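Engineer: give the three-dimensional model of this entry:
(one chain, ligands or ions: 1)
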Amino acid sequence: MRWDRDDGQMALFGAEHRQLPDTEYMPVNARRIINTVPGPQRLPFRYTINAYRGCRHACVYCFARPTHEFLGLNLGEDFERRIVVKVNAVEKLRAELADPAWEGELIAMGTNTDPYQPAEGRYHLTEGLIRELSEARNPFSILTKSTMILRDLDLLVEASGRTRAGVSLSIGTIDDDLARRTEPGAAPPSSRLQAVAKLAEAGLAPSVLLAPILPGLSDDSQQLRSLTRACLDAGARSVTPIVLHLRPGVREHYLGWLDEHEPQLAGQHRQAYSGAYLPRREQDRITEAVRAEVSARAGGCRGGSGSADGGRSRSRPRTRPVP
Ligand code: SF4
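Structural biologist: Down below sits the predicted model:
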């Protein structure tokens, strides 16, 4: 474990900060805050920061749920309501960026938990991290499902004048009702689209990850095209589809949710997800639907794969899940 539970610090926070009506915040001191992505990965970054663990957005499909089990907590309610807060994240980052061994590589936030989940409204760690990265002129990226990113708009604009500051929203459907059922703590997609528009207006060139696309719920061609169009209309620089993937633990959690809420899909999922990923032909169909909409909007002259930026995004759907 890279951090220690700080019970002395908990006393400083006071009971009202440790225990909200339905959320417990668990302050800890991280030993390091910049994490290195282990092993060879097909990811555009090697370093990450996650100032929180657990996520109040409570997405039923969240790939990060099993990380709570490493803490002796469960991947269900505990993941959603018992949020670990690395209270020394900002000071740790300042020290690690100043280390001569640090080579100034891009740091991704939002890879394992949402940096703008409700805890951020209380602790302001993401805000402090952006400030440090900006002052150090260290490139970074942020991925979120929250409109709270707009709170830091001025800070992000300032950072983008100093370094590479990538901002992305994750929007897997434009159906607010479906999102309310599958992402009960996150902002509705309609609000996220408005956030994309504001980020674009501010010159931050936001990207959208169409993530995750849920088989049987948000994956028909018309839904995909409407979602793609809405994101491009809002000002997304690129759109990249990511299909649901289900690793052990999350698979059982998600299938349990389907059994209860969408039982007609449960059997198909048990067959289709014999492994973690949907069969390739289904993934390709989803990519093609997004690509067709991007091409249609561009007058049929773009060959990108769901990108509104001349095809700079990946040529196949990413299956790495995201917040
Ligand atoms: S998918 Fe992202 S926003 Fe949703 S619960 Fe997981 S970390 Fe939070």
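
Engineer: so what does the longest helix along the chain touch, helix or strand wise?
Structural biologist: Ranked by residue count and defined by DSSP state H, the top helix of the chain is helix 280-297. In this structure, helix 280-297 makes packing contacts with helix 221-234, strand 238-243, judged by 3 or more Cβ pairs under 8 Å, 6 or more residues apart in numbering; DSSP states H and E. Heads up, the C-betas are built off the backbone N, CA and C, glycines and all.

Engineer: let me see the mean pLDDT of the first one.
Structural biologist: Put plainly, it is helix 221-234. On average, the pLDDT along helix 221-234 is 97.

Engineer: all numbers from here: first residue = 710
Structural biologist: Fine by me, first position is 710 from now on; the one you just mentioned is helix 930-943.

Engineer: how far off centre is that helix?
Structural biologist: How far helix 930-943 lies from its chain's middle: 19 Å, per Cα atoms, centre = their mean, to the nearest Å.

Engineer: can you spell out which helices and strands pack onto it?
Structural biologist: helix 898-910, strand 916-922, strand 947-952, helix 989-1006.

Engineer: between it and strand 947-952, how big is the angle?
Structural biologist: In terms of direction (axes from the mean of the first three to the mean of the last three Cα atoms, to 10 degrees), helix 930-943 departs from strand 947-952 by 150 degrees.

Engineer: name the surrounding residues that touch helix 930-943.
Structural biologist: For helix 930-943, contacts defined as Cβ atoms under 8 Å, 6 or more residues apart in numbering pick out 880-884, 902-903, 905-906, 909, 917, 919, 922, 927, 948, 950, 994-995, 998-999, 1001-1003, 1006, 1015, 1017.

Engineer: any buried residues in that helix, and which?
Structural biologist: Neighbour counts over helix 930-943 (16 or more other Cβ atoms under 10 Å) mark 932, 933, 934, 936, 937, 938, 939, 940, 941, 943 as buried.

Engineer: so the closest residue in space to residue 754 that isn't next to it in sequence: helix, strand or coil?
Structural biologist: Leaving out its chain neighbours, the residue that sits closest to residue 754 by Cβ to Cβ, 6 or more residues apart in numbering is residue 817, at 4.1 Å. Following DSSP: H, G, I helix; E, B strand; the rest coil, residue 817 is assigned to strand.

Engineer: no further queries at this time; thank you.
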